[in-house]
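Peer 1: could you look at this predicted model? Sequence included:
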Amino acid sequence: MGLTLALAGCGGSGEGVGGGRLDAIKARGSLTCGVDGKLPGFSYQDNSGKYVGIDVDVCRALAAALFNDPNKVEYRELTASERFTALASGEVDVLSRNTTRTLSRDAKGGNGLEFAPTIFFDGQGVMVPLASGITNLKDLAGKTICVENGTTTELNLADRFRELGVPYTPVKYQTGDQTYGAYLQGRCAAVTSDRSQLAAKKTSFPDPAAHTLLPDVLSKEPLGPVTVNNDSGLSDALRWVIFATMQAEESGIDSNNLKQKLAFAKANPNQADLRRFLGVEGDLGEQLGLSADFVPRVIASVGNYGEIYERNVGKASRLKLERGLNNSYKNGGLIYSPPFR
């Protein structure tokens, strides 16, 4: 995509506006992002060793907004049990690791996290070997289920089976690799996680067709990036970078037509909304401690939300997940950006 846009200098106006960790990131010259690193579609290394996925594109988008370079990111692979400690300690600036937003994680009296907008609406599911004959949750009575420790998945599993009155034995593991490895070795009758994660992991199995997802959905799983609480500079910048990808799709702007849309905005003073959004006029970027052209930087680097979705988990990917709730609100989904004004 390699588009260079210079409505404002790199770093831009607004230096010092962000404060806290945002200024520290700018001074360092790179962003440190905590990811899973082994989850196809969300964050993993491709054949060339490059990190790719929806969660990775969030990191790349923020780096593009900050430095006009989406590659100025250092990735740290974190397990579910490591992730919040790494964020709180400053080991990572942003956690972009398929993390579910919950009250206890958000609250000051809980984990005290600051959630960015949800980038993937999901639900928990259960996968079983096709040959097992298991077709619903009640068929798992008295059986073992592999689950990753320290996740909402573990708690949802317990709650749902308690409601159903179905006895089962959870077999807990510290990492996703251990969890799925145990399932494939037959140590558990089933494995549970977010449905998107199950679909992603299944693509890497020796025989994907030998496994199936049960139709049951155990929970709501709104997944999104996270920053530390009480650091509004960084959390605001991340929030509006993500909203920029959503608004771009709403406005029909993508990585292919960005140059034309930008030229149109510059040539037409009456296009107030478009000019503000693309940084041709106004000070929205400055208010966030970003450059005036942070939105074009983001779209040039990662595309709009629809592009991000389709290449990583949608029709252009191995997962081929339908957009469903992850469609724009204009198409019956939940993806919606507040106004850029």
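Peer 2: Sure thing, it's come through.
Peer 1: all helices for this structure, in order.
Peer 2: In the chain, the helices defined using DSSP state H lie at 20-28, 54-67, 83-89, 103-106, 152-164, 176-184, 195-202, 232-250, 258-267, 272-277, 284-287, 294-302, 305-312.
Peer 1: so which of the ones you listed is nearest Glu221?
Peer 2: Closest approach to Glu221 among these is made by helix 152-164 (7.2 Å; CB to CB). C-beta coordinates here come from the backbone N, C-alpha and C atoms, glycine included.
Peer 1: elements contacting that closest one?
Peer 2: Helices and strands touching helix 152-164, as assessed by 3 or more CB pairs under 8 Å, 6 or more residues apart in numbering; DSSP states H and E, comprise strand 124-129, strand 144-148, strand 169-173, strand 190-194.
Peer 1: any chance of those in TSV, with mean pLDDT, distance to Ser89 and mean neighbour count too?
Peer 2: Converted to TSV, those look like this (pLDDT from 0 to 100; distance: least, CB to CB, whole Å; neighbours: other CB atoms under 10 Å):
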stretch	mean pLDDT	distance to Ser89	mean neighbour count
strand 124-129	98	29	23
strand 144-148	97	22	22
strand 169-173	97	24	15
strand 190-194	97	26	27
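Peer 1: mind putting those strands in JSON lines, distance to Glu221 included?
Peer 2: What follows is those, written out as JSON lines (distance: least, CB to CB, whole Å):
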{"stretch": "strand 124-129", "distance to Glu221": "6"}
{"stretch": "strand 144-148", "distance to Glu221": "13"}
{"stretch": "strand 169-173", "distance to Glu221": "18"}
{"stretch": "strand 190-194", "distance to Glu221": "5"}
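Peer 1: can I get the helices of the chain in a markdown table with mean pLDDT, distance to Gly224 and mean neighbour count?
Peer 2: Converted to a markdown table, those look like this (pLDDT from 0 to 100; distance: least, CB to CB, whole Å; neighbours: other CB under 10 Å):
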| stretch | mean pLDDT | distance to Gly224 | mean neighbour count |
| --- | --- | --- | --- |
| helix 20-28 | 96 | 18 | 17 |
| helix 54-67 | 98 | 9 | 27 |
| helix 83-89 | 96 | 13 | 17 |
| helix 103-106 | 95 | 11 | 13 |
| helix 152-164 | 96 | 13 | 17 |
| helix 176-184 | 96 | 19 | 19 |
| helix 195-202 | 94 | 13 | 23 |
| helix 232-250 | 98 | 8 | 23 |
| helix 258-267 | 98 | 25 | 16 |
| helix 272-277 | 98 | 22 | 18 |
| helix 284-287 | 98 | 22 | 18 |
| helix 294-302 | 98 | 16 | 28 |
| helix 305-312 | 98 | 13 | 22 |
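Peer 1: any chance of those helices in a markdown table with distance to Asp139 as columns?
Peer 2: Shown next, in a markdown table, are those (distance: least, CB to CB, whole Å):
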| stretch | distance to Asp139 |
| --- | --- |
| helix 20-28 | 48 |
| helix 54-67 | 32 |
| helix 83-89 | 33 |
| helix 103-106 | 31 |
| helix 152-164 | 11 |
| helix 176-184 | 16 |
| helix 195-202 | 17 |
| helix 232-250 | 40 |
| helix 258-267 | 51 |
| helix 272-277 | 51 |
| helix 284-287 | 54 |
| helix 294-302 | 42 |
| helix 305-312 | 33 |
